[in-house]
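In: Requesting a structural model of the entry that follows:
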Amino acid sequence: MRISRGLTSQLEFVFTDKIMKLKYHFYFVIIALVFAFAGCSDDFLTSRNNSVYQLDTIYISPVSRNYAGPLSLPIDVTEPYTIVMQPSCMTFFSQKGKFTNGITNLEFTTDMSNYSGRTGFIGQHLVLYVENVGTLDFKVYIGSPANPGGTTEDGAIFEITKATIDLKTDESQTFTISNSGKGNLTYQFKDIPAWLAVSDIQGVLSQGQTRDITLIVNRNNLEEKEYTAIVQIQTNSPSGSFGLLVKMQVSNLTNADNTKTIQGQVTDSEYNKITNQLLVTTQIPNQLIIFSTTDNTQTIVPLDKSPNCISISEDGKTAVIGYNLAAVSKVDLQTKTLTKTIETDCIPFDIVLGDNNWCYLMPETGNSEYLRSLNLETSKLVKSTKYGQIYAKMIIRKVPGKPYLLGSNTQVSSNGLIMADISKGIARDTMPYWFIDTNNFWLSPKGDRIYTGVKNIHRTPAFSTTVTYFYNLDIIGTLKPQKDNIVWVDHCEATNSIFMAESSRYYESVAYSIIEQIDAGNYNFKKLIEPAKYVTTINGTKSAYKTIVKFVFANSSGSQIYVVKNVLEEYKTQSWSMEVIPLN
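Out: Alright, predicted model coming up:
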């Protein structure tokens, strides 16, 4: 690269052995500007991408002057450029220009009124972004070349790890700013486009302090094209304002092949690891969707009522559906047909299919309530006679391999945990109760562990007929979700893993879901899984929308997980999908 100012000074570059070397000559009519560059690798000559090239030092004499002259690149390129950062003492006639055959003309003035009388050098930056070449970053030292060993100015110095942020189709990217000076550095981000958010928009850095800054993109309601912006970072350092070039792309607005659209509003979902079938019930349309994950096929069973809940038998051959009115249907999953519908005395909020053609219901409405036992063969309905710690909208789950139900309230605190003996079909009236919080719960495949939404892991208690009220339950482990709010838990024996779906904390401005893979032996983190956005049209705008995970299930081999999700609640619409994520 070469820059010249008539007869005042001239620099010549010699290229040998793939290394850019420097030979310079000084013509002292007046010492106004001296440029000296260290070598850079031949990547600069060959890559021509959006890399950042750190060139060496430019020395500017502390004398105010006007400058004009050609700036030459060491490659023959015809591309536009933008000055994205400059020292506060330099004023360019234009922030934009164009290299033609590797040459452009720079015109600028320098105002050194703030630097007169100082000793040593003050470090700043001059940064040019050249399209299809990259970012050229020069360190500028203001001072006298005759005194290179002078002391550095005692003040804040702004440093940044990236001069260009190319997000492409990513959702976010992080860079670091720092203060390498000796005073407090104040900064503030300005000229932020509507599609971009900054994690820390302003702040103060003390001497030597660094801070990670995250840029987050919102592509909602944007056309498919490339977007660029120069975000100004205003500081109190001598470098003044830094222009951060930010680029991102809106494109390829189609869902990947591993995502299936689910029509309607999902009300419940279950997975059976023996048959590797995923069941989903929806309203509007009212239907049961049976996904066979072994051969990647699906069957839709139309329903004449709106489903609330579903449960699969342990052998995976039968299911029961509870509706939003007082009725239950039995489903043959081998023939994929409804075989019977039975009227009940309550609207089922939750339903569990037990053994010997019995199922169990918890009502959706009421205050103090009772567990219902329903015989699917005879249609006999039996309501427990003794009141326990049971309220409407209690969640119930069968303990795998054992004749017991566990239940936890959703409408009162503490939620509590009850246990019911269903070994004789009709649930036994004696139901032990543990005074704990759960905020939803899930069971391990062997039924020996209880994972709760409040992060505690309990050992499944033994059923008792003598003591029916317990103040606590042993805690044998703790889940440590990154996002605090545990939405769903699935335990995969094949990989000894727990898959934990989590949603954003209520106070976070940017909502999203993640899935963590946890070691089921020591509960340590193994892997972070981020579900994809879902491409759909909302209010006439096609875009890739963020989603909230409601269910996650691993298949029997642990080779992939199935994620049932909806777009974020802020969109106020039902746009559900099922994503298959391989676990390589």
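In: ok, now how distant is residue 217 from residue 202?
Out: Note on residue 217: its distance to residue 202, by CB to CB, to the nearest Å, is 20 Å. Yep, even glycine has a C-beta here, placed from its N, CA and C like the rest.
In: next one: residue 519
Out: In terms of CB to CB, residue 519 sits 41 Å off from residue 202.
In: quick one, what contacts residue 109?
Out: By CB atoms under 8 Å, 6 or more residues apart in numbering, residue 109 lies in contact with 64, 65, 66, 67, 90, 91.
In: For ChimeraX, what selects the buried ones among these?
Out: Of these, the buried ones go into a single ChimeraX selection, burial set by 16 or more other CB atoms under 10 Å:
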select :65,67,90
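In: Tell me which of the contacts of residue 109 fall in helices.
Out: In helices, judged by DSSP state H, none of the contacts of residue 109 are found.
In: what residue ranges in the stretch 251-400 of the chain score low on pLDDT?
Out: Where the stretch 251-400 of the chain drops to pLDDT under 70, the residues are 386-388.
In: so where do the strands sit in it?
Out: With DSSP state E, counting those that start in this stretch as the definition, the stretch 251-400 of the chain shows strands at residue ranges 259-262, 265-272, 277-283, 287-292, 297-302, 307-312, 318-323, 327-332, 337-343, 348-353, 358-363, 372-375, 381-383, 395-398.
In: any chance of the ones you listed in JSON lines, plus distance to residue 457 and mean neighbour count?
Out: JSON lines is the format used below for the strands of the stretch 251-400 of the chain (distance: least, CB to CB, whole Å; neighbours: other CB atoms under 10 Å):
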{"stretch": "strand 259-262", "distance to residue 457": "31", "mean neighbour count": "18"}
{"stretch": "strand 265-272", "distance to residue 457": "21", "mean neighbour count": "20"}
{"stretch": "strand 277-283", "distance to residue 457": "25", "mean neighbour count": "23"}
{"stretch": "strand 287-292", "distance to residue 457": "29", "mean neighbour count": "19"}
{"stretch": "strand 297-302", "distance to residue 457": "34", "mean neighbour count": "13"}
{"stretch": "strand 307-312", "distance to residue 457": "23", "mean neighbour count": "23"}
{"stretch": "strand 318-323", "distance to residue 457": "28", "mean neighbour count": "26"}
{"stretch": "strand 327-332", "distance to residue 457": "32", "mean neighbour count": "20"}
{"stretch": "strand 337-343", "distance to residue 457": "37", "mean neighbour count": "14"}
{"stretch": "strand 348-353", "distance to residue 457": "22", "mean neighbour count": "24"}
{"stretch": "strand 358-363", "distance to residue 457": "24", "mean neighbour count": "25"}
{"stretch": "strand 372-375", "distance to residue 457": "30", "mean neighbour count": "21"}
{"stretch": "strand 381-383", "distance to residue 457": "33", "mean neighbour count": "15"}
{"stretch": "strand 395-398", "distance to residue 457": "15", "mean neighbour count": "21"}
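In: Let me have the ones you listed in JSON lines, extended by distance to residue 229.
Out: Listed next are the strands of the stretch 251-400 of the chain as JSON lines, based on distance: least, CB to CB, whole Å:
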{"stretch": "strand 259-262", "distance to residue 229": "30"}
{"stretch": "strand 265-272", "distance to residue 229": "38"}
{"stretch": "strand 277-283", "distance to residue 229": "41"}
{"stretch": "strand 287-292", "distance to residue 229": "42"}
{"stretch": "strand 297-302", "distance to residue 229": "43"}
{"stretch": "strand 307-312", "distance to residue 229": "47"}
{"stretch": "strand 318-323", "distance to residue 229": "51"}
{"stretch": "strand 327-332", "distance to residue 229": "54"}
{"stretch": "strand 337-343", "distance to residue 229": "56"}
{"stretch": "strand 348-353", "distance to residue 229": "50"}
{"stretch": "strand 358-363", "distance to residue 229": "53"}
{"stretch": "strand 372-375", "distance to residue 229": "60"}
{"stretch": "strand 381-383", "distance to residue 229": "64"}
{"stretch": "strand 395-398", "distance to residue 229": "48"}
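In: The ones you listed: which one's closest to residue 72?
Out: strand 259-262 (50.6 Å; CB to CB).
In: Neighbouring strands - and their directions - for that closest one?
Out: Here strand 259-262 is paired, per DSSP bridges, with strand 576-582 (antiparallel).
In: Give me the buried positions along stretch 93-104.
Out: Counting neighbours by 16+ other CB under 10 Å, one finds that the buried residues in stretch 93-104 are 97, 99, 102, 104.
In: Would you mind listing the two of those residues that lie farthest apart?
Out: Across these, the longest distance by CB to CB is 12.9 Å; it joins 97 and 102.
In: What secondary structure category should be reported for residue 570?
Out: Here residue 570 is recorded as helix under DSSP: H, G, I helix; E, B strand; the rest coil.
In: how near is it to residue 68?
Out: From residue 570 over to residue 68 the distance is 53 Å, taken as CB to CB.
In: How about residue 546?
Out: 50 Å.
In: cool, and residue 487?
Out: Taking CB to CB, one finds residue 487 at 63 Å from residue 68.
In: on that earlier part again, for residue 546 and residue 68, indicate the residue with more neighbours.
Out: Remark: of residue 546 and residue 68, residue 546 carries more neighbours, 23 against 12, as counted by other CB atoms under 10 Å.
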